[in-house]
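Q: sequence and predicted model, in that order:
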Amino acid sequence: MPIRPATTADVLQIAAIANAAYDIYVARIGKQPAPMIADFATHVINQEIFVDDAIDGLAGFIVLFPKDGRLFIENVAVSPERQGQGNGRRLFAFADAEAQRYEFDRLFLYTNIHMTENLDFYPKLGYLETHRVHEDGFHRIYFEKRLTP
């Protein structure tokens, strides 16, 4: 199934995926991480969210948009029952293709310092840590990926 732009009909399922995927981090962080309280309806209106469609529902989603001369990946989530099946990598490959389509040579994202799984996963996808900050009440680690022409 293709990755496609999300519609308003997808918003409830996107929110459910975000809540399920990020719930394990609430205790580590001490509050809901930003992706759990995101305004997915606005992302749909702004055409910034894309879903990985499956026969029996959505497998996951990715939120991306241009920011600071690069493509920013604000959020990626895969339904817990579909994790480990390549859906996350598929969404990241989609982001790479979108960056190239819009002629960006770099993508960037951040993760919470307590989402330790991401600290190993993002470098495997070619992302390098650029800096750490405390912003919006969270300790975040930024990563960037440079695309080759």
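A: Received the coordinates, thanks.
Q: what residue is smack in the middle of the protein?
A: residue 76 (2.0 Å; CA atoms, centre = their mean).
Q: I'd assumed residue 91 was in contact with it.
A: Yes - assessed by CB atoms under 8 Å, residue 76 is found in contact with residue 91 at 5.5 Å. No exception for glycine: its C-beta is placed from N, CA and C like everyone else's.
Q: okay, and the common contacts of those two?
A: 60-62 (CB atoms under 8 Å, 6 or more residues apart in numbering).
Q: narrow the residues you listed to those in strands?
A: 60-62 (DSSP state E).
Q: which parts of the protein are strands?
A: Secondary structure of the chain by DSSP E: the strands cover 3-5, 49-54, 57-67, 70-78, 106-112, 128-135, 138-146.
Q: okay, these in CSV with distance to residue 30 next?
A: Output for the strands of the chain, formatted as CSV (distance: least, CB to CB, whole Å):
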stretch, distance to residue 30
strand 3-5, 33
strand 49-54, 27
strand 57-67, 23
strand 70-78, 20
strand 106-112, 11
strand 128-135, 14
strand 138-146, 10
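Q: quick one: which of these is nearest residue 38?
A: strand 70-78 (6.1 Å; CB to CB).
Q: local confidence estimate at the nearest residue to residue 125 once chain neighbours are set aside?
A: Of all residues not flanking residue 125 in the chain, residue 92 sits nearest, at 5.4 Å (CB to CB, 6 or more residues apart in numbering). pLDDT recorded at residue 92 is 96.
Q: likewise for the one 5 residues further on?
A: Each residue has a pLDDT score; the one for residue 97 is 96.
Q: which one's the longest helix in the chain?
A: For the chain, the longest helix by residue count, based on DSSP state H, is helix 87-101.
Q: got the angle for that helix vs strand 106-112?
A: 140 degrees (axes from the mean of the first three to the mean of the last three CA atoms, to 10 degrees).
Q: may I see the buried residues of helix 87-101?
A: 87-88, 91-92, 94-96, 98-99 (16 or more other CB atoms under 10 Å).
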